[in-house]
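1. coords below, sequence missing:
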C-alpha cells in the first residue's frame, strides 16, 4: 500500500502500447492491431506510420493541408512499397526520383520535415546498406541527421554514386 502512495498521481490520460513481434508467412507486411477487442488491423509500414502520426504528431502528416498530405502519401507509397519490395531496378528508380525532387527541395513534402521524410530516412538508412546514393539524397540524409527528430535512428554504411 505504501508503494502506490509514493507514485505521483496524474490526471493526464495514459496511453499504453504493447508491441508483439512475430514472423508470419501469411502476412509479409507488418501489422498492428489497434483494438484487441475488435481485432482491427492496420497493415503496412505506411499505414502504421500514418496512424501513429495522427495520434501523436498530426502536424507531420496533415501540416499544411490536403495537398501536403497527398504529397506525403505519394512518398510513403514509393518508399514503403516500391523501394522495400521492388526489384533493384525499381529501387534505383525511387532513388532517382528522390534525387530529382531533392535537387530543388530541402525536404520531401514541404519546407520542413514531414512523415514522408521520417519514414524514407528510416527505410533508406536502416536498410541492408550498400545503396549507391546521389549527392542530393546524401545531402538530405545529412540534413535529416542533424535534426532532433532523427536522433537515435540506426544507420548503415551508405555510399555516394
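-> Nice, thanks for sending it over. As the structure is a computational prediction, the values presented were derived from the model and not from experiment.
2. measure residue 65 to residue 135 for me?
-> 31 Å (Cβ to Cβ, to the nearest Å). For every residue, glycine as well, the C-beta is placed using N, CA and C.
3. okay, the two: which has more neighbours?
-> More neighbours surround residue 135 than the other of residue 65 and residue 135, with 12 against 8 (other Cβ atoms under 10 Å).
4. the helices in the protein, which residues?
-> Along the chain, counting by DSSP state H, helices occupy 2-6, 45-56, 59-62, 66-77, 84-85, 88-102, 115-125, 135-145.
5. outside of the shortest one, which residues touch it?
-> Counting by Cβ atoms under 8 Å, 6 or more residues apart in numbering, helix 84-85 makes contact with 45, 123, all of which sit outside it.
6. Tell me how far that helix lies from the chain's centre.
-> Put simply, helix 84-85 sits 14 Å off its chain's centre (Cα atoms, centre = their mean, to the nearest Å).
7. Tell me where the model's unsure across this structure.
-> The chain contains residues with pLDDT under 70 at 1-28, 36, 127-131, 153-161.
8. Any idea which residue is closest to the centre of it?
-> Taking Cα atoms, centre = their mean as the criterion, residue 119 is the residue nearest the geometric centre of the chain, at 2.1 Å.
9. who touches it in this structure?
-> 45-46, 49, 75-76, 79-80.
10. Now for the residues you listed: which two are most distant?
-> Maximum pairwise distance among these (Cβ to Cβ): 12.4 Å, between 45 and 75.
11. Have a look at these two and say which one is more surrounded.
-> Comparing residue 45 with residue 75 by other Cβ under 10 Å, the one with more neighbours is residue 75, at 23 against 18.
12. how much space between the nearest residue to that one once chain neighbours are set aside and residue 93?
-> Excluding the flanking residues, the one nearest residue 75 by Cβ to Cβ, 6 or more residues apart in numbering is residue 116, at 3.7 Å. Distance, residue 116 to residue 93, by Cβ to Cβ: 17 Å.
13. what do you get for residue 65?
-> 28 Å.
14. Next: residue 58.
-> Distance from residue 58 to residue 93, by Cβ to Cβ: 31 Å.
15. higher neighbour count, these two?
-> Legend: neighbour count by other Cβ under 10 Å for residue 58 and residue 93, higher for residue 93 (15 against 12).
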